[in-house]
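Chemist: Build the 3D model from these lines:
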Amino acid sequence: MNALPDVAGLSTATLSDALDKLGRPGSLLGIAPLQNGQRLVGRAYTVRYRPASHPPGTVGDYLDAMEPGQVVVLDNGGRTDCTVWGDILTAVAHQRGIAGTVIDGVSRDVRRALDLGYPIYNRGRFMRTGKDRVEVAEVGGPVTIGGVQVTPGDLLVGDDDGVVAIAAGVEAEVIGIAREIEAREEAIVTEALGGATIAEARAKHGYHVLQRHDQ
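Modeler: I've put the predicted structure just below:
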């Protein structure tokens, strides 16, 4: 597994702006944290689900193949009528050092995750099992989460605003742009708090074009 880049202090908002600057997708629409105050950073380990066949297949034992620091990324097609993550998986993932879970769908048994501080990002919570309703279609292939394609090894960063996925081939460029945006926005705050008008501070540091994609 590739080493993680330094994204300390970078918010998903700033990383999203950097992705916009490059004209790339990456902001996972509708995927929200189970609780505020959690942070997720890691590389994607992907699992895609489909409606269960007859007889139904397994919902997956993929955790046994994962490495510490990876992020479970589960594509359940945005379904909110049944879960693909619950109590057992949370306990094992936390104990094995998995960095967190991102689901295009819902989770259940959330009390354990809340008690452990285990990061989960998804479309909500619902108690009905996915067993006999969905089955694993593919492990280790491309998935779609919140309208964004995520491939194994992509960098995922999550905070109170949600999750961004950054393709491995552009992560250094995205992070570099995000650092520049962060510095300029901090300068705007400093000057505005020091007496400048917001309009003056924004104009000086090019606020309105910080994230604009250059054609």
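Chemist: Quick one: list the elements packing against the lengthiest strand in the chain.
Modeler: The single longest strand within the chain, with elements called by DSSP state E, is strand 40-51. With contacts taken as 3 or more CB pairs under 8 Å, 6 or more residues apart in numbering; DSSP states H and E, strand 40-51 sits against strand 70-75, strand 100-104, strand 134-139, strand 143-145, strand 155-159. No exception for glycine: its C-beta is placed from N, CA and C like everyone else's.
Chemist: Do me a favour and average the pLDDT over the helix or strand following the fourth one.
Modeler: Per DSSP states H and E, the first helix or strand lying C-terminal to strand 143-145 is strand 148-150. The predicted model assigns strand 148-150 a mean pLDDT of 98.
Chemist: what do you get for stretch 96-108?
Modeler: On average, stretch 96-108 scores 98.
Chemist: Please renumber the chain so that the first residue is 372 from this point on.
Modeler: Sure, I'll start numbering at 372, so the last one becomes stretch 467-479.
Chemist: which of the residues in it are buried?
Modeler: 469, 470, 471, 472, 473, 474, 475, 476, 477, 478, 479 (16 or more other CB atoms under 10 Å).
Chemist: same thing with stretch 546-562?
Modeler: Neighbour-count burial for stretch 546-562 [16+ other CB under 10 Å]: 546, 548, 549, 550, 552, 553, 556, 559, 562.
Chemist: ok, the residue lying closest to the fourth one once chain neighbours are set aside - how many residues close by?
Modeler: Nearest in space to residue 550, with sequence neighbours left out and distances taken as CB to CB, 6 or more residues apart in numbering, is residue 381 at 7.3 Å. Burial of residue 381, expressed as a neighbour count using other CB atoms under 10 Å, amounts to 21.
Chemist: Likewise for residue 513?
Modeler: The local packing of residue 513 (other CB under 10 Å) involves 14 other residues.
Chemist: what does the lengthiest helix in the chain rub up against?
Modeler: Selection of the longest helix in the chain by residue count, based on DSSP state H, yields helix 542-564. Identification of contacts with helix 542-564 by CB atoms under 8 Å, 6 or more residues apart in numbering yields 376-378, 380-382, 385-386, 388-390, 392-393, 395, 397, 526, 537, 569, 571-573, 575-578, 581-582.
Chemist: swap the cut-off to 7 Å and go again
Modeler: With CB atoms under 7 Å, 6 or more residues apart in numbering as the test, helix 542-564 has contacts from 376, 378, 381, 385-386, 388-390, 392-393, 526, 537, 569, 572-573, 576-578, 581.
Chemist: That one vs strand 526-530, what angle?
Modeler: If you take axes from the mean of the first three to the mean of the last three CA atoms, to 10 degrees, helix 542-564 sits at 30 degrees to strand 526-530.
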